[in-house]
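**Student:** Requesting a structural model of the entry that follows:
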Amino acid sequence: MKDIKVSVIVPMYNKEQKISKCLDSLINQTLREIEIVVVDDGSKDNSAEIVKKYCEKDSRVRYVKQDNQGPGAARNVGIINSKGRYIGFVDCDDYVEHEMYEIMYNAAEQNNCEVAVCQEKNVYVDDEGHVTNLGETHFPYNEITVVTGKMVLEWFLNFNYLSLNSACFKIVRKSVFVEKDIYFPDNYRYAEDLTICGGILSVAKSVAVIPKSLYIYEHESNTFSTSYTLKKAMDVYLDLMDVLKYLERAEYTGNINNFILGMSFSSKRQLYASSEKKNRNYQREKTVLLAKWKDIKKGIHPEFKGVDMPFMHKIKVIVSWMRLEKIMCYIINILSGIPFFRFMV
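**Tutor:** Coordinates of the predicted model:
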């Protein structure tokens, strides 16, 4: 197919129960000039056979296989193998609205934007097919609006809209990846999306902001709960360092204090909620990580003047600055057991 407008990259690992729903939402897009690049990250179930059947009936679906290396490496393989003007990402256990890529492509192309970003909807689907809406992002516009890359980067650095942290809710001109050397961390990394989004937004001149929830993020339970580990705590630190490298490379001179403090809170939330405390390496690695955070936070303080930041994130930034993360994480663990507070924490 000539003139591919959007390459949609789908990293896949052992999702035979979910991949069909994902691919159905993609092959039925109103934008026909797309390719769907499924990168099999060494699946051991029947996922590959399912995808190959889609390849047979729709030439726009391409199957690429690699040894298991993690979703970041799979996405990078997809970027390298893509042929579209823009690149989008969909996790293989999620799905998208049928007009998503037409809306996003037109918004980006008609306004000469390197990036377009939409809202996402978080849902839980039970065994009987009932859908529970767990929440969604709401951008401050009623229509598609072109915003400077600098402004969107400042939103990102101040945690204004969490959808900015994910590669899945965006399309990005392929030249941004190739010419600016922006790729996902190759190794297994918690929240690797945040790293690449920092890189993308550090170089984008303009972004088309679409106030419509086009991406459906399907959760496996009816809460935002997650497991907490020491590795994730360390990964958050590595994510921060990668974003700071992108900002330095882009010669960004804005304030990054809130971002550092917020990332410190996220890392320590993982650290203090981890169930690995009896592990013999836990205390040693914890000491090393805490020393790194102490060093990078030295001399910085919150910057709220002229900054529109969600209230809960302000609290996290202040708590991090005051070095009260351990106490706050203890309180959060208690509140998370109360239904009224479950989604707030």
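**Student:** For stretch 251-259, the averaged confidence score.
**Tutor:** For stretch 251-259, the mean per-residue pLDDT is 96.
**Student:** should've said stretch 288-298
**Tutor:** Computed over stretch 288-298, the average pLDDT equals 96.
**Student:** Show me the helices in the stretch 1-150 of the chain, by range?
**Tutor:** 19-27, 47-57, 71-81, 100-110, 149-157 (DSSP state H, counting those that start in this stretch).
**Student:** and Asn112, what is it in contact with?
**Tutor:** When contacts are counted by C-beta atoms under 8 Å, 6 or more residues apart in numbering, Asn112 touches Ser206. C-beta here means a position set from N, CA and C on the backbone, and glycine is covered the same way.
**Student:** how about the strands in the stretch 1-150 of the chain?
**Tutor:** With DSSP state E, counting those that start in this stretch as the criterion, the stretch 1-150 of the chain has strands at 6-12, 34-40, 61-65, 86-89, 95-96, 115-125, 131-136, 145-148.
**Student:** could I get those strands as CSV with mean pLDDT, mean neighbour count and distance to Glu154?
**Tutor:** Below are those laid out as CSV (pLDDT from 0 to 100; neighbours: other C-beta atoms under 10 Å; distance: least, C-beta to C-beta, whole Å):
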stretch, mean pLDDT, mean neighbour count, distance to Glu154
strand 6-12, 97, 26, 27
strand 34-40, 98, 25, 31
strand 61-65, 97, 18, 36
strand 86-89, 98, 26, 23
strand 95-96, 96, 23, 27
strand 115-125, 93, 22, 14
strand 131-136, 86, 13, 22
strand 145-148, 98, 15, 9
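**Student:** Ok, which of the helices of the stretch 1-150 of the chain comes nearest Tyr183?
**Tutor:** When these are compared by C-beta to C-beta, helix 71-81 sits nearest Tyr183, at 5.0 Å.
**Student:** between that closest one and strand 6-12, how big is the angle?
**Tutor:** Angle of helix 71-81 versus strand 6-12, following axes from the mean of the first three to the mean of the last three C-alpha atoms, to 10 degrees, is 150 degrees.
**Student:** Remind me what helix 71-81 packs against, helices and strands.
**Tutor:** strand 6-12, strand 34-40, strand 61-65, strand 86-89 (3 or more C-beta pairs under 8 Å, 6 or more residues apart in numbering; DSSP states H and E).
**Student:** is it possible to export the ones you listed to CSV including distance to Gly199?
**Tutor:** Below are the helices and strands packed on helix 71-81 laid out as CSV (distance: least, C-beta to C-beta, whole Å):
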stretch, distance to Gly199
strand 6-12, 16
strand 34-40, 20
strand 61-65, 23
strand 86-89, 13
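**Student:** Among those, which comes closest to Met234?
**Tutor:** Closest approach to Met234 among the helices and strands packed on helix 71-81 (C-beta to C-beta): strand 6-12, 22.3 Å.
**Student:** what bits of the stretch 201-345 of the chain have low per-residue confidence?
**Tutor:** 221-226, 336-345 (pLDDT under 70).
**Student:** quick one on the thing from earlier: quick one, which of the strands of the stretch 1-150 of the chain is nearest to Arg280?
**Tutor:** Nearest of these (C-beta to C-beta): strand 6-12, 33.7 Å.
**Student:** Residues touching the closest one, excluding its own?
**Tutor:** For strand 6-12, contacts defined as C-beta under 8 Å, 6+ apart pick out 19, 22-23, 26, 31, 33-41, 43, 47, 51, 71, 74-75, 78-79, 82-92, 101, 104-105, 171, 174.
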